[in-house]
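[1] generate coordinates for the sequence data below:
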Amino acid sequence: MALTKKSKALAEKLGDNTKIYAIDEAIQLLKDLSTTKFDESIEVALNLGVDPRHADQMVRGMVTLPSGTGKDVKVAVFARGDKAEAALAAGADRVGAEDLLEDMQAGNLDYGRVIATPDMMGIVGRLGKVLGPKGLMPNPKLGTVTPNVAEAVKAAKGGQIEFRVEKAGIIHGGIGKMSFTNEALRANFDAFVDAIVKAKPAGAKGKYVRRVGLSSSMGPGLKVDVSQVYGS
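    Prediction:
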């Protein structure tokens, strides 16, 4: 199949597709290669030396990106009384109890984060089959089951994201938008990768961070120098 002019130009800019880039070089190259009219997302992918089928090799947690995500995260909160008022004041998009349960059971699940006070978990537990597959089930280990719902809402709105290793030992995470400055993207990259390194499970054997890649929504995937990842 013949290459289009755009594909040829892209191939010429990339040159050797086996090249490994320094992170700052990779960020700039993705920007140089971007030709879309929309604000592309930038994503990092890490291949880890873990087998998440074993409990002692699971990698999961939360990290706050210092430059934010560039996205408006919709947050739902299960709470009553003063806690419900505090959640609304903090910027939650929807707060409720049984009414919110019924709304979600009806299929209204357009949220990026679901938070609950501990006393509401009896209600939230009934949504396990609905929220679980979407990765939205509140979890005390992730800070989404908490009496301090206002702080949890602010964190979700302020650039906090969840990471979780997939079956193949890969973690993906968005670190911002093409419109971000290079410095902002680098700060987010460093924070994301540092959180993954610190979350190294006890059962991980051998080299932990094996490969690192950076890509944009419509751009190529670039290999990043793993030696720039501390603790790898």
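[2] show me where the protein has its helices.
    Using DSSP state H, the helices assigned to the chain run over residues 5-14, 23-33, 81-89, 98-105, 121-124, 128-131, 149-157, 182-198.
[3] residue contacts, the closest residue to Val114 other than its chain neighbours?
    Distances taken as C-beta to C-beta, 6 or more residues apart in numbering place Leu136 nearest to Val114, at 4.6 Å, with adjacent residues excluded. The C-beta positions use only the backbone N, C-alpha and C, and glycine is treated the same way. By C-beta atoms under 8 Å, 6 or more residues apart in numbering, Leu136 lies in contact with 109, 111, 113-114.
[4] below-threshold pLDDT in the protein: ranges please.
    Confidence mapping of the chain against pLDDT under 70 gives the ranges 1-17, 230-232.
[5] residue nearest the middle of it, spatially speaking?
    In the chain, the centroid-proximal residue (C-alpha atoms, centre = their mean) is Gly173; its distance is 4.0 Å.
[6] enumerate every residue touching that residue.
    Counted by C-beta under 8 Å, 6+ apart, Gly173 has contacts 43-45, 161, 163, 192.
[7] closest to Thr64 out of these?
    Ile161 (7.9 Å; C-beta to C-beta).
[8] tell me, how many residues neighbour that closest one?
    A count of nearby residues for Ile161, using other C-beta atoms under 10 Å, gives 24.
[9] same thing with Arg53?
    The number of residues packed near Arg53 is 9, by other C-beta under 10 Å.
[10] how close does Gln192 get to Ile171?
    Gln isn't right for residue 192; it's Phe. Plainly put, Phe192 is 9 Å away from Ile171 if you go by C-beta to C-beta, to the nearest Å.
[11] what touches both of these two?
    Taking C-beta under 8 Å, 6+ apart as the contact rule, the neighbours common to Phe192 and Ile171 are Phe163.
[12] hang on, Pro138 packs against Phe78?
    Yes - using C-beta atoms under 8 Å, Pro138 is in contact with Phe78, at 7.5 Å.
[13] more neighbours, the two?
    Taking other C-beta under 10 Å, Pro138 and Phe78 do not tie; Phe78 has more neighbours (28 against 25).
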